[in-house]
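A.B. asks: please find the sequence and the predicted model below.
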Amino acid sequence: MLRWMQYVYTVYQEKSFSKAAAKLYISQPSLSNAIKKAENEVGFAIFDRSTVPIQLTELGQEYIRSIEIIMDAQKGLQNYVNDINELNEGNFTIGGTSLFASYIIPQFLFQFMEKYPKIHVNLVEGARSELVEKLNVGEIDLLIDNMYFSNKMFESKHIYDEHLLLTVPKRFEVNSGLEKYAMTADEVRAEKHIGPEIESVELKTFKDVPFIMQKVGNDSRIRAEYFCKEADFNPKIRLEPDGQITTYNSTCTGLGASFTGDILVKHVPANDNILYYKLASKEATRMVRIYHKRNRYLPRAAKEFLKMVSE
């Protein structure tokens, strides 16, 4: 990609000339001059400098989309060349939120690197929205997540199912009399909640307890609201963290009940102050998938990783 395109794209990402200049290791006046030359070249203003933070003009938005197409094509060509030149070596980049980057992807990488020790893997951790954008423009090759993304842009393979559980501090009085429904972390790890051995709890029983729910728009929040709507009550939300791990840890401190995936429960230390309940809703089960950009050339190493985790 031409250097001035990289300059424009960095300003777009940072929404600041000063931050972009620092990231590019050039002076701000030099960057400003380069952007002006680029705008003179294309014949229109790419950035609206009257806003804080700086924003794209309408034509600038289309210009950025064109840069992303070029970036995508360039990454695909580089991957193709690498595959030809490196039959036994290679590299690829995989992304995941803190949950998957911490507990799931490293397990897959261990198996993969045992088999392909010469392949270099880059692991990128970040917010889901950032990771989807990186996957779209070619900054990462694969993404593991439990949220469904449009099949028009991405292809995916189902890895396994995740089961959401109601997680409640043991000290809450509401647990009294619910012993036949309650599970410990060890019982969740033994997957007793998956079979008929454990009965589903009636969620409305917990309508008066405080809840910890992830921020609006998150898949866990969407499902949590659906569970409560099915149970015909509006939850009393005490806290709204960004991620599932923080939500779970807040419940562990006794702040409120929450909905936690069994993936997390199986990978964090058992907490004796928490009880887990199986949910009857069909939405309590969601698929964990591995995604890649549709119609983009995948490095051979990424294809091998995709094949391994899909088996």
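C.D. replies: Looks like it arrived, so ask away.
A.B. asks: neighbouring contacts of stretch 220-231?
C.D. replies: For stretch 220-231, the external contacting residues (Cβ atoms under 8 Å, 6 or more residues apart in numbering) are 164, 202-204, 207, 211, 213-215, 234-235, 240, 244, 247, 258-259, 261, 279, 281, 283-284, 286. Every residue, glycine included, has its C-beta placed from N, CA and C.
A.B. asks: next, the buried residues of that stretch.
C.D. replies: Buried residues in stretch 220-231, counting neighbours by 16 or more other Cβ atoms under 10 Å, are found at 220-221, 223-224, 227-228, 231.
A.B. asks: return the member of those nearest to Lys152.
C.D. replies: Distance to Lys152, by Cβ to Cβ, is smallest for Arg223 among the buried residues of stretch 220-231, at 23.0 Å.
A.B. asks: on that earlier part again, what's the closest of the buried residues of stretch 220-231 to Ala38?
C.D. replies: If you rank these by distance to Ala38 using Cβ to Cβ, Arg221 comes first, at 40.5 Å.
A.B. asks: and the closest one, that's in a strand?
C.D. replies: No - judged by DSSP: H, G, I helix; E, B strand; the rest coil, Arg221 forms no part of a strand; its state is helix.
A.B. asks: for burial, what's the neighbour tally of Ile290?
C.D. replies: Neighbour count of Ile290, defined by other Cβ atoms under 10 Å: 23.
A.B. asks: could you do Lys152 as well?
C.D. replies: Burial of Lys152 is recorded as 6 neighbouring residues (other Cβ under 10 Å).
A.B. asks: phi first, then psi, for it.
C.D. replies: Per-residue torsions, Lys152: phi -80, psi -30 (degrees, to the nearest 10).
A.B. asks: surely it touches Arg294?
C.D. replies: Yes - using Cβ atoms under 8 Å, Lys152 is in contact with Arg294, at 7.4 Å.
A.B. asks: packing partners of the lengthiest strand in the chain?
C.D. replies: Of all the segments of type strand in the chain, defined by DSSP state E, the longest one is strand 154-169. If you count contacts as 3 or more Cβ pairs under 8 Å, 6 or more residues apart in numbering; DSSP states H and E, strand 154-169 packs onto helix 244-252, strand 258-261, helix 262-267, strand 274-278, strand 285-293, helix 300-310.
A.B. asks: single out the most deeply packed of these.
C.D. replies: Of all those, strand 258-261 carries the top mean neighbour count, a mean of 26, counting by mean count of other Cβ atoms under 10 Å.
A.B. asks: okay, now the sheet partners of it, with direction.
C.D. replies: Strand 258-261 pairs in its sheet with strand 154-169 (antiparallel), by DSSP bridges.
A.B. asks: just checking, what packs against the helix or strand hosting Gly95?
C.D. replies: According to DSSP states H and E, Gly95 maps onto strand 90-96. For strand 90-96, the packing partners by 3+ Cβ pairs under 8 Å, 6+ apart come out as helix 58-85, helix 105-115, strand 119-125, helix 128-137, strand 142-145, helix 300-310.
A.B. asks: and that strand, how far out from the chain middle?
C.D. replies: 14 Å (Cα atoms, centre = their mean, to the nearest Å).
A.B. asks: report the residue spans of the stretch 201-311 of the chain with pLDDT below the cut-off.
C.D. replies: Within the stretch 201-311 of the chain, no stretch has pLDDT under 70.
A.B. asks: swap that for the stretch 1-150 of the chain, please
C.D. replies: 1-4, 76-89.
A.B. asks: let's see 80
C.D. replies: 1-6, 24, 30-31, 67-90, 150 (pLDDT under 80).
A.B. asks: mind giving me the domain split of the protein?
C.D. replies: Here the domain assignment for the chain is 3-64, 90-159+288-310, 161-286, based on automatic domain parsing.
A.B. asks: quick one: end-to-end length of the longest one, please.
C.D. replies: Translated: domain 161-286. 6 Å (Cα to Cα, to the nearest Å).
A.B. asks: distance from the chain centre to it, please.
C.D. replies: With Cα atoms, centre = their mean as the basis, the mean position of domain 161-286 lies at 20 Å from the chain mean.
A.B. asks: could you do the shortest one as well?
C.D. replies: Averaged C-alpha coordinates place domain 3-64 at 28 Å from its chain's average position (Cα atoms, centre = their mean).
A.B. asks: and stretch 154-172, by the same measure?
C.D. replies: The chain centroid and the centroid of stretch 154-172 are separated by 14 Å under Cα atoms, centre = their mean.
A.B. asks: before we move on, back to that, mind putting the domains of the chain into CSV with distance to Lys75?
C.D. replies: What follows is the domains of the chain, written out as CSV (distance: least, Cβ to Cβ, whole Å):
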stretch, distance to Lys75
domain 3-64, 13
domain 90-159+288-310, 4
domain 161-286, 28
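A.B. asks: of all those domains, which one is nearest Asp72?
C.D. replies: Nearest to Asp72 among those is domain 90-159+288-310; the distance by Cβ to Cβ comes to 4.5 Å.
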